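J.: coords please:
(chains A and B)
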Amino acid sequence: MRVRAQMAMVMNLDKCIGCSTCSVTCKQTWTNRDGVEYAWFNNVETKPGIGYPQRWEDQGRWKGGWTVDGSGRLRLRAGGRLRKLATIFANPDLPSLDDYYEPATYDFDTLLTAPAADRMPVARPLSAITGRPMAIEWGPNWDDDLGGSALYAATDPNLAGLTDQVQRSFETTFMFHLPRLCEHCLNPACVAACPSGALYKRERDGIVLVNQDKCRGWRMCVSACPYKKVYINRVTAKAEKCTFCFPRIEAGLPTVCAETCVGRLRYLGLVLYDLDRVEAAAAAPEAELVDAQRQVFLDPSDPAVIAQAAADGIPPDWLAAAQASPVYALALRHRVALPLHPEYRTLPMVWYIPPLSPVLDATTALGGDNTSADDVFHAVTELRIPLGYLASLFTAGDTGLVAGVLMKLAAVRAHMRAVTTGAGAPDDPAAAGATGPELEALYRLLAVAKMRDRYVVPPAHKEEAAELAAWASGCPLDRAPLAVA
Amino acid sequence: MSVVLFGVWPYIALAVCVVGHVWRWRSDQFGWTSRTSELMEKRWLALGSPLFHFGALFVILGHAVGLLVPASATAALGIPETVYHTLALVIGLIAGIVFFAGAVILGLRRYVTKARFRLITRPADAAMYAILLVVALAGLSATVGLNIVGDGYDYRETVSVWFRSIFTLQPDVDALAAAPWIFQVHAVGAFALIAIWPFTRLVHVWSIPLGYLVRPPIVYHAPRP
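T.: Residues are numbered from 1 along each chain as shown, chains lettered A, B, ... in the order given. Purely as a prediction, here's the structure:
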């Protein structure tokens, strides 16, 4: 057992209203520069929908992530190292700018300099790439809120496995928002694909970063990432990606996307995992993937884990943070948060609580009472439509797992309603695989948790500051201990 | 004139190349990249870039053999001069044409077809393309004009002798001066390319990621107190 700490995130999709505040504040912080106009380290997609870049989930096209070969060994879907070098002059799996969108600005100058006239002057859109007038025909959330559209949503790769009939009824009942950022995976395909070794995973907190001085612009990371969350800066020709706001995390602050989330749907915290179990979990058979990936994590209250964590150099305050981690609670203790596309086998570290609200709507539409756990359970098991879709997103197709999570979320509602109104005996929580106190703890975390409960971010140790600075600057002189006044 | 061009210029170019690389490596790791533009345009690149790069690999290999291996060495190995000459001509011509076609496609792609490159193409790119095209054209026309259309010319007796003499610090200026002018343009231009090398995107040639073949897949970094 080798204990490592990972900073991870959970998002409660029921609460996401698709306002894109996270995307905008992230862009203002990280990508409002020349060369990354088209890059959104954080973006919000409407599901079902095409996504950004278009149809990024279609790994038959983009060849992202990992697969397991005939002998059960893990390999990059786009091929091994020799193929990487053979395609280094032209990467067939690389999205082009048109697969994202051509960013535009407006000719605001005309508004200020136009002479007096009968008509209002118009600010024409100008391409941020060429500087020329352009017609805006696509954007990073072009199909925003168009979850029922035959033009956009119907081409969602996640719908490919569902039948036509399912699709049609689905389109009229179901839509939700999916905020996405780099998953800071335990088994990052981008890192494994980088010919220069410029991408790395920090052992201290699991954040995946690009060393800008080592990147040589071979762009294999962009195609290898199945989530398409590594971007090429078109001016510097170097890879850039979400940093998990590491300067803020090191200071004990939440990421910008989490801090500015108006829906308060994001949770940040540490999870402890066993480095020795990662590879086997990533190579597990598809039907066992979610469970295998959960097995990688360690219970921070287990005395054996605590002892080994200390031996592996995890400071006591970090261990305490891992024990108080809302991410551990939601993803591993209560098991209501699921990984996005576990079948990509990267072990993503941004987890999602699947949305219950579409099921509640459907319960009402079926003539049921959406505050009754029985009726909701009934709807969950009857509604193969949203379940199939959610399962293709979060459980590699296992509808039973998604149903279990939705039932537990419904049980929280029913239990708390019964407790607070005193109206009748609470539904039997055991039906959802949880006790009353567990449901109440889950309720507190999901509904009323304060900022300090949602973001449990232990600051980096100050005595390591010089080491961190040296790594960031590459200057060996920075490695000298700071003088203490 | 020939002393300056064939005797002095190669040393200036090599010195600029070496000092330039040291300076660039030490001061500009951030700029040390292939400067890929595949994001901006994929279709023409998918054709031009492999032609250009694989062609260049064979062109460089062919030059290494032709310039560094003396005629006496291949003769000693029992390779008849006519066989060597024919092989060099056929392989060299194919590699040269592939390389040149790739360069033309990439150049047209960058400078003619797409406005998208306007803001990311730098003066160093133009200088590199210009010199590269002149050198490649001179090399190709020397091969075609003198050895295919013409009566044949054995550059191993003059150009190669001059090239090797540079590295023994006894530049044989007369050897190159005796060669046809098209070879002289090719040789002098090639040293111009060597001189501007460290100041262009060509530095990415030295970063061929062969280490990728042997390193562990996931790179961890563990700053620890």
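
J.: wait, doesn't residue B:129 sit right on residue B:108?
T.: No: between residue B:129 and residue B:108 there is no contact under Cβ atoms under 8 Å: 10.6 Å. Every C-beta, even on glycine, is put in place using the N, C-alpha and C of the backbone.

J.: remind me which residues of chain B are low pLDDT?
T.: B:223-225 (pLDDT under 70).

J.: what's the neighbour count on residue A:134?
T.: 17 (other Cβ atoms under 10 Å in any protein chain shown).

J.: show me the contacts for it.
T.: Residues near residue A:134 by Cβ atoms under 8 Å, 6 or more residues apart in numbering or on different chains: A:102, A:104, A:125-127.

J.: Which phi and psi values does the residue in chain A that chain B sits nearest to adopt?
T.: Closest contact between chain A and chain B, by Cβ to the nearest Cβ, is at residue A:195 (3.4 Å). Backbone dihedrals for residue A:195, given as degrees, to the nearest 10, come out at phi -60, psi -30.

J.: same thing with residue A:200?
T.: The phi/psi pair for residue A:200 (degrees, to the nearest 10) is phi -150, psi 160.

J.: Verify the stated contact: it with residue A:211.
T.: Yes: using Cβ under 8 Å, residue A:200 is in contact with residue A:211, at 6.7 Å.

J.: what residues are up against residue A:247?
T.: Contacts of residue A:247 (Cβ under 8 Å, 6+ apart): none.

J.: what do you get for the one 5 residues further on?
T.: When contacts are counted by Cβ under 8 Å, 6+ apart, residue A:252 touches A:457-459.

J.: Same check on residue A:29?
T.: Here residue A:29 is in contact with A:245, A:256 (criterion: Cβ under 8 Å, 6+ apart).

J.: re earlier: would you list the buried entries among the contacts of residue A:252?
T.: Neighbour counting with 16 or more other Cβ atoms under 10 Å in any protein chain shown marks A:457-458 as buried within the contacts of residue A:252.

J.: Could you identify the longest helix within chain B?
T.: Criterion DSSP state H: the longest helix present in chain B is helix B:81-108.

J.: Show the low-confidence segments of the stretch 301-450 of chain A, by residue range.
T.: A:383-385, A:424-431.

J.: Quick check: residues of it near chain B?
T.: residue A:313 (Cβ under 8 Å from any Cβ of the partner chain).

J.: where exactly do the helices run in the stretch 301-450 of chain A?
T.: Shown for the stretch 301-450 of chain A, the helices assigned by DSSP state H, counting those that start in this stretch span residues A:303-311, A:316-323, A:326-327, A:357-365, A:373-382, A:384-394, A:399-421, A:436-443.

J.: Please identify the deepest-packed of the ones you listed.
T.: helix A:326-327 (a mean of 24; mean count of other Cβ atoms under 10 Å in any protein chain shown).

J.: just to revisit the earlier point, how about JSON lines for the contacts of residue A:134, with neighbour count and distance to chain B added?
T.: Output for the contacts of residue A:134, formatted as JSON lines (neighbours: other Cβ atoms under 10 Å in any protein chain shown; distance: Cβ to the nearest Cβ, whole Å):
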{"residue": "A:102", "neighbour count": "20", "distance to chain B": "9"}
{"residue": "A:104", "neighbour count": "18", "distance to chain B": "13"}
{"residue": "A:125", "neighbour count": "15", "distance to chain B": "15"}
{"residue": "A:126", "neighbour count": "17", "distance to chain B": "12"}
{"residue": "A:127", "neighbour count": "18", "distance to chain B": "8"}
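
J.: Next, check those against the helices and list the overlap.
T.: Going by DSSP H, the helices hold none of the contacts of residue A:134.

J.: Which single one of those is nearest to residue B:134?
T.: Nearest to residue B:134, judged by Cβ to Cβ, of the contacts of residue A:134 is residue A:127 at 33.8 Å.

J.: List the beta-bridge partners for that closest one.
T.: Note on residue A:127: beta-bridge partners residue A:104, judged by DSSP bridges.

J.: Surely it is in contact with residue A:104?
T.: Yes: using Cβ under 8 Å, residue A:127 is in contact with residue A:104, at 5.8 Å.

J.: after the strand or helix carrying residue A:249, next one along is what?
T.: Following DSSP states H and E, the helix or strand that holds residue A:249 is helix A:246-250. Counting by DSSP H and E, the next helix or strand C-terminal to helix A:246-250 is helix A:256-259.

J.: got a list of contacts for that following helix?
T.: A:9, A:22-23, A:25-26, A:29-30, A:42, A:179, A:181, A:245, A:248, A:253, A:266-268, A:454-455.

J.: Counting neighbours, go ahead and name the busier of residue B:129 and residue B:108.
T.: Using other Cβ under 10 Å, the more surrounded residue of residue B:129 and residue B:108 is residue B:129, with 18 against 13.

J.: Correct me if wrong: residue A:63 contacts residue A:75.
T.: No: in this structure, residue A:63 is not within contact of residue A:75 by Cβ under 8 Å, at 11.4 Å.

J.: how far away is residue A:157 from residue A:174?
T.: 16 Å (Cβ to Cβ, to the nearest Å).

J.: Tell me which residues touch the residue of chain B found nearest chain A, please.
T.: Nearest residue of chain B to chain A (Cβ to the nearest Cβ) works out as residue B:209 at 3.4 Å. Listed by Cβ under 8 Å, 6+ apart, the contact partners of residue B:209 are A:85, A:88, A:195-197, A:216, A:218.

J.: ok so, going back, find the nearest non-adjacent residue to the residue of chain A closest to chain B, please.
T.: Closest residue in space to residue A:195, ignoring its immediate chain neighbours: residue B:209 at 3.4 Å, by Cβ to Cβ, 6 or more residues apart in numbering or on different chains.

J.: same question, residue B:134
T.: Of all residues not flanking residue B:134 in the chain, residue B:189 sits nearest, at 5.1 Å (Cβ to Cβ, 6+ apart).

J.: Just confirm that neighbour contacts residue B:133, I think it does.
T.: No: if you go by Cβ under 8 Å, residue B:189 and residue B:133 don't touch, sitting 9.6 Å apart.

J.: if I've got this straight, residue A:11 is in a strand?
T.: Yes: assessed by DSSP: H, G, I helix; E, B strand; the rest coil, residue A:11 belongs to a strand.

J.: Could you double-check that it lies in contact with residue A:349?
T.: No: using Cβ under 8 Å as the test, residue A:11 is too far from residue A:349 to be in contact (11.9 Å).

J.: Please say which of residue A:157 and residue A:174 ends up with more neighbours.
T.: residue A:174 (23 against 17).
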